[in-house]
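Engineer: Any chance you can model this:
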Amino acid sequence: MMRREDSGWAASILAVLAIGLALCLGPARAASLDYQSALAAFERGDFELAEKALNELAAEGDARAQSLLGQMYARGEVVPRDYLRALRWLQEAARQGHAEAQYNLGLMYEQGLGVDPDMSEAVRWYRSSAHNEYSKALNNLAVLYHVGRGVPRDYARALGLYRRAAAQGNSLAQNNLGIMYANGQGVAKDYAEAASWYRKAAEQGHADAQFNLGVMYGNGHHVSRDFVQAYAWWSLAAAQGNRKALRYRGIVQQRMSREEMARAVELARSLRDTYGSAWLRE
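Structural biologist: Numbers count the residues shown, from 1 in each chain. Have a look, this model is predicted:
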């Protein structure tokens, strides 16, 4: 039988909080023909035409075009990266109440992209976006309250924000909500609730949640200790580059019978086909 002090898995329940750090390149459904045409050009890979059309629309005050243009310049994947232009257009869209632009502007201030890092501005724009119920902003603002960055630590506020984002299916928030329940932060410690939220996120392919769910099975928190389940979920997380999952899978493998290993590998493949990435590190 594995002892907790041997594995170190109990401590791993304090997984790194999942905060959205990638600028979101997901334009809303277009309503106007001009914007639709620009969006169609973007989606078929005609980026030169899309950039030209979006710049014209943005100059006319179209917040959707301003937001998408800002994201394009910030990411630098289809046009040369230009943080100053990105900041300009995101600010224009954000001031018009565009929730996605407000979120991305918050990211730029938090990360210091094209501007000096400014947590007060980051919090301001995350709050504006969260007020519009944008799930990624809700999660990022919750993380700030959870860890006390840019705002005083406030577990109650973090919990409420996570719940609002998690209810929309945001896997980052679902995993973070699981962490709060697992550690009793702002709520009574509740492994059953933690496992439930980890599973919701894990089934969306969230690597940290897959790792955390494996920890629950490895330690027998609320669920029966099950090395087959732990191995399978850690396999999915390892396939996405989670090094702890790869290491823990190797540890538990040494304690499993051949029959258990065969079942674990089969379960991992089944979970991968349903919830995971396209490959496993065997």
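
Engineer: Centre of the chain to stretch 159-169, how far?
Structural biologist: 12 Å (C-alpha atoms, centre = their mean, to the nearest Å).

Engineer: And the contacts of it?
Structural biologist: Counting by C-beta atoms under 8 Å, 6 or more residues apart in numbering, stretch 159-169 makes contact with 130, 133, 135-136, 138-139, 141-142, 145-146, 172-174, 176-177, 180, 185-187, 197, 200, 204, all of which sit outside it. C-betas here are computed from N, CA, C, even on glycine.

Engineer: let's see 6 Å
Structural biologist: Counting contacts by C-beta atoms under 6 Å, 6 or more residues apart in numbering, the residues outside stretch 159-169 that touch it are 135, 138-139, 141-142, 173-174, 176-177, 180, 186.

Engineer: same question for that stretch, mean pLDDT?
Structural biologist: Per-residue pLDDT values across stretch 159-169 average out to 98.

Engineer: so residue 255 is in which element?
Structural biologist: According to DSSP states H and E, residue 255 maps onto no helix or strand at all.

Engineer: Just the buried residues of the contacts of stretch 159-169.
Structural biologist: Restricting the contacts of stretch 159-169 to buried positions leaves 135, 138-139, 141-142, 173-174, 176-177, 180, 186, with burial counted as 16 or more other C-beta atoms under 10 Å.

Engineer: can you redo those as JSON lines with secondary structure, pLDDT and distance to residue 124?
Structural biologist: Written out in JSON lines, the entries for the buried ones among the contacts of stretch 159-169 read as follows (DSSP: H, G, I helix; E, B strand; the rest coil; pLDDT from 0 to 100; distance: C-beta to C-beta, whole Å):
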{"residue": "135", "secondary structure": "helix", "pLDDT": "98", "distance to residue 124": "18"}
{"residue": "138", "secondary structure": "helix", "pLDDT": "98", "distance to residue 124": "15"}
{"residue": "139", "secondary structure": "helix", "pLDDT": "98", "distance to residue 124": "17"}
{"residue": "141", "secondary structure": "helix", "pLDDT": "98", "distance to residue 124": "10"}
{"residue": "142", "secondary structure": "helix", "pLDDT": "98", "distance to residue 124": "16"}
{"residue": "173", "secondary structure": "helix", "pLDDT": "98", "distance to residue 124": "20"}
{"residue": "174", "secondary structure": "helix", "pLDDT": "98", "distance to residue 124": "26"}
{"residue": "176", "secondary structure": "helix", "pLDDT": "98", "distance to residue 124": "21"}
{"residue": "177", "secondary structure": "helix", "pLDDT": "98", "distance to residue 124": "24"}
{"residue": "180", "secondary structure": "helix", "pLDDT": "98", "distance to residue 124": "24"}
{"residue": "186", "secondary structure": "coil", "pLDDT": "95", "distance to residue 124": "23"}
